[in-house]
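Asker: Predicted model follows, preceded by the sequence.
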Amino acid sequence: MSFKVATPDLPRQFHGKWNKNVYHVLRELGRGANGAVYLTTQGGVKRAVKVGFEGMDILMEVNVLKSLQQGRDSRVGPLLCDVDDLVLNGRPCTFYAMEYLDGDQLDDYIQKAGVEWVPVLIVQLLARLDILHKHGWTFGDLKPENVIVTRQDKQVSLIDFGGVTKLGNAVRQFTEEYDRAYWHAGDRRSEVSYDLFSTAVMMVRLVVDSQTWHMSLGEPRQTQILCDIIRKSDSLYPYRVPLIKAFHGKYATAHEMRAEMLAILRESTVAPASPAPTKQQGSGTGGKWISSLFVASMLLLAGTLYYAWFL
Ligand SMILES: Nc1ncnc2c1ncn2[C@@H]1O[C@H](COP(=O)(O)OP(=O)(O)OP(=O)(O)O)[C@@H](O)[C@H]1O
C-alpha cells in the first residue's frame, strides 16, 4: 500500500546544487509514494529523474540501485546516473537521475504481444529477482506497473525501488492484489517467498481477462480461487506446479522457481513431430500458407528460446 505525496512541479529547466548537471524537463512520467518521476534530457541524453521531499526514502532507492549496478548485474533496474539536491518552492529536495527505459509496462506489452509471452517474461523477471535477493533485499511491491519491457531489446527491467526491503523486515510497500497477506497466504515479512508469491499472482493476472480477474477479487480471498483459474486456463495449466508451489512458499530461491518454469517452457516450445505432408497440403496456395505458418512458428520458437535460455 502506498500514498501519493505532494511533490511540487519541477521548473522546465533546473540544475543540481552540487554536481551542477542541467536538466530540461520534457514531461511528468508519474508520481507515487516516494516522489514524482520526470522525463528529462541532460546533455542531450534522455534521463528519468525522481524527486522527493523525503531525502531518506530517495537515498534508500539510490543505495539499492548503486549496489545493484556494481559488477555485472546492471540489468535488474535502470542505471543510476546522478544524485543531487535542489530547492523547490523554498524547500530542499533530493533527486536522482537514472537511465530512461523506453518501453512498455509489462501488462501493456502482453496486451500487444500476446499471452504466450507471459512465461518467457516471467522467467526473465525471476532472474532479476534472484539477483536482488542475493543482495539481501526483496522487491516488495511487485506488480505489472513496476516492470518495464524495453522496446529495443525486449528485456524485463524493474522500476520503482521504493518498496525494496531488507530481508527479514516488514515489507515497506505493497499492492493488495499481489500481496500475500491479502490473499490469506502468509504475512508481510520481507522474504524471498513473498516476492515469489506476488510473481505467481502476477502471472495469473497477466493471462486472464479483466472480467475473470475482477470476479476473483471478491471475498473470501483465498489462493484456491487462483488455483481454479489456473485449472481452467490452457495457458496457465502447464505451469500449475511452480505456480502452486509459489503460492505455498515452497521455493527457497527465485532461481529454483525459474529453473522449473524454464523446463516447462522448453517442453512446450519443442515442436511436435509433424506428419508427412499430403499431396494436397504440399501444393497450391494452401501448401504455401501452411509453409509460411510453419516458418512463422519456427521463428517464434527460436525467439522464445533465445529469450528464455540466454537472457
Ligand atoms: N527509469 C525509468 N524509465 C522510464 N520510465 C520510468 C522510469 N522510472 C519510472 N518511470 C515511470 O514513472 C512512473 C512513476 O514512477 P514510480 O514507479 O517511481 O512511481 P509510482 O509507480 O507512481 O509509485 P508507487 O508505485 O510508489 O506508487 C512509472 O510508472 C514509470 O512509468
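Answerer: It's in.
Asker: interface residues of the chain facing the ligand?
Answerer: 2, 29-34, 37, 48, 50, 78, 98-101, 141, 145, 159-160, 162 (Cβ under 6 Å from any ligand atom). C-beta: built from backbone N, CA, C; applies to glycine.
Asker: Surely residue 87 forms part of a strand?
Answerer: Yes. Applying DSSP: H, G, I helix; E, B strand; the rest coil, one finds residue 87 inside a strand.
Asker: Just to check, it is in contact with residue 93?
Answerer: Yes. Under the criterion of Cβ atoms under 8 Å, residue 87 makes contact with residue 93 at 7.1 Å.
Asker: Tell me which of those two has more neighbours.
Answerer: Neighbour tally, residue 87 and residue 93, criterion other Cβ atoms under 10 Å: the higher count belongs to residue 93, 23 against 10.
Asker: List the beta-bridge partners for that one.
Answerer: For residue 93, the beta-bridge partners are residue 86 (DSSP bridges).
Asker: for the nearest residue to residue 176 once chain neighbours are set aside, helix, strand, or coil?
Answerer: Leaving aside its chain neighbours, residue 176 sits nearest to residue 182 (4.7 Å; criterion: Cβ to Cβ, 6 or more residues apart in numbering). Classification of residue 182 by three-state DSSP places it in coil.
Asker: wait, residue 182 sits on residue 222?
Answerer: No. Using Cβ under 8 Å as the test, residue 182 is too far from residue 222 to be in contact (10.6 Å).
Asker: Which one's more surrounded, the two?
Answerer: residue 182 (16 against 12).
Asker: Outline the domain layout of the protein.
Answerer: 13-99, 103-308 (automatic domain parsing).
Asker: Quick check: the gap between residue 253 and the ligand.
Answerer: 25 Å (Cβ to the nearest ligand atom, to the nearest Å).
Asker: Please read the previous query as pertaining to residue 119.
Answerer: Residue 119 is 24 Å from the ligand, by Cβ to the nearest ligand atom.
Asker: for residue 15, same thing?
Answerer: 20 Å.
Asker: can you pull up the bridge partners for the residue positioned nearest the centre of the chain?
Answerer: Most central in the chain under Cα atoms, centre = their mean is residue 147, positioned 2.6 Å from the mean C-alpha point. Beta-bridge pairing for residue 147 (DSSP bridges): residue 158.
Asker: Wait, it touches residue 106, no?
Answerer: Yes. Counting by Cβ under 8 Å, residue 147 does reach residue 106; the two are 4.0 Å apart.
Asker: what do the two both touch?
Answerer: Counting by Cβ atoms under 8 Å, 6 or more residues apart in numbering, the residues touching both residue 147 and residue 106 are 121, 156.
Asker: what's the closest non-adjacent residue to the residue of the stretch 101-250 of the chain found nearest the ligand?
Answerer: With Cβ to the nearest ligand atom as the measure, residue 160 is the residue of the stretch 101-250 of the chain nearest to the ligand, at 3.0 Å. Among residues not flanking residue 160 along the chain, residue 146 sits closest, at 4.8 Å (Cβ to Cβ, 6+ apart).
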